[in-house]
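> this one's sequence-less:
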């Protein structure tokens with residue numbers, strides 16, 4: 001009698017396992033997901049790799065669209081000061097000073113050169129100037145140098161001003177960190193300034209060019225007049 005009960009139990013277990021296998025097979029054939037046996041919810045299929053990209057910053061995209069609407073700009077810069085610049089003229093092992101000045105360039109073309117502040121690692125320039133900008137997608141490079149009497153000036157670091165990050169017509173205070181490509185781990189100090197990018201029309205550009213040529217001609221006229229007077233008997 002005991003053997004019969006054991007045989008019946010084995011038969012019921014085999015029938016139960018066969019029923020589960022049939023259910024699993026039918027689910028796979030129908031494409032339905034198999035129920036999870038754990039407490040973790042089912043994960044949906046991941047999108048293709050090409051769809052996993054970051055959307056560009058909406059503010060940056062809007063500023064770039066604005067820049068493309070104009071053909072000419074004027075950049076007003078208030079060069080305020082430098083902070084914690086490097087000492088190039090060593091007076092000892094732990095002390096030293098520099099005579100710093102700043103060059104502003106676009107594509108290798110010099111836009112402005114600041115005055116020299118002697119013997120100061122925290123120089124105050126307090127200079128305001130305006131420069132023309134034709135391509136706002138080309139950054140303005142700042143290079144700081146230490147003036148040396150009769151020698152080649154020492155490089156004290158550089159940084160870039162990204163014009164596409166500016167809001168048109170809005171004055172913005174900036175602190176730019178100086179870097180030396182040959183000394184990436186060294187802190188070269190900072191440049192503090194205020195900038196404003198103004199959009200201008202094609203007419204403004206032509207008027208500025210005409211005004212610049214007129215001033216050049218007027219500036220040369222006294223020299224020509226003096227030359228004529230010298231030649232006269």
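Thanks, I have it. As the structure is a prediction and not an experimental result, all values here were calculated from the model.
> and residue 75, what are its bridge partners?
residue 131, residue 197 (DSSP bridges).
> count of neighbours near it?
22 (other C-beta atoms under 10 Å). Every residue, glycine included, has its C-beta placed from N, CA and C.
> then residue 159?
Residue 159 - counted by other C-beta under 10 Å - has 21 other residues nearby.
> kindly report the same for residue 107.
Residue 107: 9 surrounding residues under other C-beta under 10 Å.
> so what's it closest to, chain neighbours aside?
Spatial nearest neighbour of residue 107, chain neighbours left out: residue 138 (5.9 Å); criterion: C-beta to C-beta, 6 or more residues apart in numbering.
> residue ranges of the helices in this protein, please?
Under the criterion DSSP state H, the chain contains helices at 2-30, 58-67, 202-231.
> tell me where the model's unsure across this structure.
Within the chain, the ranges that satisfy pLDDT under 70 run 1-56, 92-94, 209-233.
> show me how the record splits it into domains.
58-200, 201-233 (automatic domain parsing).
> among those domains, which is the most enclosed?
With neighbours defined as mean count of other C-beta atoms under 10 Å, the domains of the chain peak in mean count at domain 58-200, which reaches a mean of 15.
> looking at it, the residue nearest to residue 107 is touching residue 108, isn't it?
No: contact criterion C-beta atoms under 8 Å: residue 138 and residue 108 do not qualify, at 10.6 Å.
> end-to-end on stretch 134-142?
End-to-end distance of stretch 134-142 (C-alpha to C-alpha, to the nearest Å): 18 Å.
> residues in contact with the residue nearest to residue 107?
Residue 138 sits next to 106, 107, 163 when contact means C-beta atoms under 8 Å, 6 or more residues apart in numbering.
> residue 112 now?
Applying C-beta under 8 Å, 6+ apart, the residues contacting residue 112 are 77, 103, 104, 129, 131.
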